[in-house]
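1. Predicted structure and sequence below. I'll ask about it afterward.
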Amino acid sequence: MRLIFKSIIIISIIIIPYCLAEDWSITVYTGTERFAGTDSNVYIRLFNSQGESTSEYQLTHNNWMPEHEFPVRNLFERGARERFEIKTEDIKTVAKIQVRHNNFPWWQADWLLDQVVVERNRDSAKYVFKCNCWLRGERPYVTLSTFPDPRSNDKDKTNRLSSKTKRAFITILLVLIGLILSIFCCYNKYYRQQRHASLSLTDTIEQTQCESSPFDRHPQIPRSSTQSLRPQHWMNILRQWKNGPHRSSSESYTPTSQSVAAGVPQLTVEISPADEPPAYKDLYPNSTNNTSNSNL
């Protein structure tokens with residue numbers, strides 16, 4: 001996220017000044033008199049009608065635009081015509097210029113400047129500055145007022161609106177790009193927060209499912225006590241069968257206090273006459289006679 005904001009700042013720093021800059025074509029004419037050329041470094045500054053000025057730019061081989069000539073030669077020689085390309089701040093119009101040299105070397109510093117033509121590349125508006133004066137050691141600079149080309153006035157008026165619309169479109173486009181990037185960053189951050197919250201919620205649910213609830217814990221009967229009570233239960237049933245004639249058939253079995261204390265459910269067993277074992281006399285009716293004879 002920080003990288004995106006840094007890239008936005010860098011792009012705005014690079015693009016906005018480039019969009020607000022102006023390209024100018026500077027054509028310098030040197031006089032034809034003897035020793036009119038100079039070997040000094042030449043500088044130029046542009047002014048508008050409100051007194052605002054651009055930075056001072058040096059006219060060198062770096063921004064020189066040769067016209068069908070060998071590109072390596074001395075500049076500002078006698079009768080020469082040099083064309084330079086510079087990029088400055090936006091000052092809209094040019095009312096005057098200031099041209100100077102650095103007066104070095106002093107024995108070849110004098111320069112006869114004929115005229116300077118400034119042309120704006122965006123709309124081809126031309127501004128002509130007549131000089132025809134010497135720039136010597138005691139006065140190495142000159143300030144010239146403009147003589148605008150009549151044909152350039154109409155172009156300046158018609159193209160001013162188009163330049164404003166272009167700049168407004170570029171600024172709106174940059175604002176939209178920044179807004180889209182900021183919305184994307186905010187959505188990405190919100191999505192990460194929601195995802196983190198959902199993951200934490202699932203973790204808590206899994207933990208609660210793994211933990212046993214106190215309501216799920218049912219009391220369990222110890223298996224040892226139930227196993228110890230089963231033989232006693234059957235012994236009681238057998239005793240009832242053995243002593244069946246002396247007891248009523250409707251007598252029910254009541255569990256012992258140990259089984260009740262252990263939490264075993266009470267079982268009621270009703271003994272009917274059909275469930276009693278048959279008597280010995282019924283099975284062996286003639287056994288009495290035999291036993292009596294044997295006793296005799």
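-> That came through, no problem. Numbering: from 1, shown residues only.

2. what's the first-to-last distance across stretch 75-90?
-> 28 Å (C-alpha to C-alpha, to the nearest Å).

3. got the buried residues for it?
-> Buried residues in stretch 75-90, defined by neighbour count with 16 or more other C-beta atoms under 10 Å: 75-76, 80, 82-84, 86, 88. C-betas here are computed from N, CA, C, even on glycine.

4. The residues you listed: which two are farthest apart?
-> 80 and 88 (23.5 Å; C-beta to C-beta).

5. circling back to that earlier point, and which of the buried residues of stretch 75-90 is nearest to residue 122?
-> Checking the buried residues of stretch 75-90 one by one against residue 122 (C-beta to C-beta), the nearest turns out to be residue 88, at 12.0 Å.

6. looking at it, the closest one is touching residue 22, isn't it?
-> Yes. Using C-beta atoms under 8 Å, residue 88 is in contact with residue 22, at 5.6 Å.

7. Mind putting the buried residues of stretch 75-90 into JSON lines with pLDDT, secondary structure and distance to residue 102?
-> As requested, the buried residues of stretch 75-90 are exported to JSON lines (pLDDT from 0 to 100; DSSP: H, G, I helix; E, B strand; the rest coil; distance: C-beta to C-beta, whole Å):
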{"residue": "75", "pLDDT": "91", "secondary structure": "coil", "distance to residue 102": "14"}
{"residue": "76", "pLDDT": "93", "secondary structure": "coil", "distance to residue 102": "12"}
{"residue": "80", "pLDDT": "93", "secondary structure": "coil", "distance to residue 102": "19"}
{"residue": "82", "pLDDT": "93", "secondary structure": "strand", "distance to residue 102": "17"}
{"residue": "83", "pLDDT": "94", "secondary structure": "strand", "distance to residue 102": "21"}
{"residue": "84", "pLDDT": "95", "secondary structure": "strand", "distance to residue 102": "17"}
{"residue": "86", "pLDDT": "94", "secondary structure": "strand", "distance to residue 102": "18"}
{"residue": "88", "pLDDT": "91", "secondary structure": "strand", "distance to residue 102": "20"}
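
8. is it possible to export those residues to CSV including distance to residue 109?
-> Compiled in CSV, the buried residues of stretch 75-90 are given as follows (distance: C-beta to C-beta, whole Å):
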residue, distance to residue 109
75, 14
76, 11
80, 16
82, 17
83, 23
84, 20
86, 23
88, 26
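
9. Done for today, thanks.
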